[in-house]
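[1] okay, structure incoming, though there's no sequence with it:
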């Protein structure tokens, strides 16, 4: 895949007199053009029967930006992708698919986030209220599951099967 860096055009920075007063400031960072993004935005937009103008209005970006994104002529920052996802009112898996298509999320991370149990586990393990002892216990359960998968003959990338502590054996 060829990656091209596209700068925002000066026209994107000029105020549009027809826009509502709530218009957000344009993104000033560069973003990669990723060919998979345009078709995904177009698919989600047409499923919802929205025009490019309506999607742009809801996301707080110019219609020309939506058009260039869908034509894979430009990239978008993660913030813009998030605003488009919000404007489309997409499900979490579709939001993740947009982030994958834009290159901001790996396929593996999206699969984890798309799995409700793994997503909840990740949220729990990152909860600052979780005590260190409880976090370690939960992580030991994850290691137990990985050990079990390895014992069943599954290849578990980046994981060396480790003996279980004596207290966990029965």
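    Everything's here; your move. Remember, predicted model here, so these are calculated numbers, not experimental data.
[2] how is this protein carved up into domains?
    4-105, 116-168 (automatic domain parsing).
[3] now the longest one, how far from the centre of its chain.
    Taking C-alpha atoms, centre = their mean, to the nearest Å, the mean C-alpha location of domain 4-105 is offset from the chain mean by 14 Å.
[4] next one: stretch 127-144
    The gap between where stretch 127-144 is centred and where its chain is centred comes out at 25 Å by C-alpha atoms, centre = their mean.
[5] tell me the buried residues in that stretch?
    Neighbour counts using 16 or more other C-beta atoms under 10 Å place residue 143 of stretch 127-144 among the buried residues. Using the backbone N, CA and C atoms, a C-beta is placed for each residue, glycine as well.
[6] quick revisit: most tightly packed of the domains of the chain?
    domain 4-105 (a mean of 16; mean count of other C-beta atoms under 10 Å).
[7] and that one, average pLDDT?
    The average pLDDT within domain 4-105 is 79.
[8] stretch 156-170 too?
    Rounded mean pLDDT across stretch 156-170 is 62.
[9] so which other helices or strands are in contact with the top helix by length along the chain?
    For the chain, the helix with the greatest residue count under DSSP state H is helix 132-151. Applying 3 or more C-beta pairs under 8 Å, 6 or more residues apart in numbering; DSSP states H and E, one finds that helix 132-151 makes contact with helix 116-125.
[10] for the helix it packs on, name the packing helices and strands.
    Helix 116-125 packs on helix 107-114, helix 132-151, going by 3+ C-beta pairs under 8 Å, 6+ apart.
[11] relative to helix 116-125, how tilted is the last one?
    Between helix 132-151 and helix 116-125, the angle formed by their directions is 150 degrees, by axes from the mean of the first three to the mean of the last three C-alpha atoms, to 10 degrees.
[12] show me what contacts residue 126?
    If you count contacts by C-beta atoms under 8 Å, 6 or more residues apart in numbering, residue 126 has none.
[13] over to residue 142?
    Residue 142 touches residue 121, counting by C-beta under 8 Å, 6+ apart.
[14] okay, it: pLDDT?
    92.
[15] need the helices and strands packed on helix 116-125 in JSON lines (columns: distance to residue 62).
    Shown next, in JSON lines, are the helices and strands packed on helix 116-125 (distance: least, C-beta to C-beta, whole Å):
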{"stretch": "helix 107-114", "distance to residue 62": "28"}
{"stretch": "helix 132-151", "distance to residue 62": "45"}
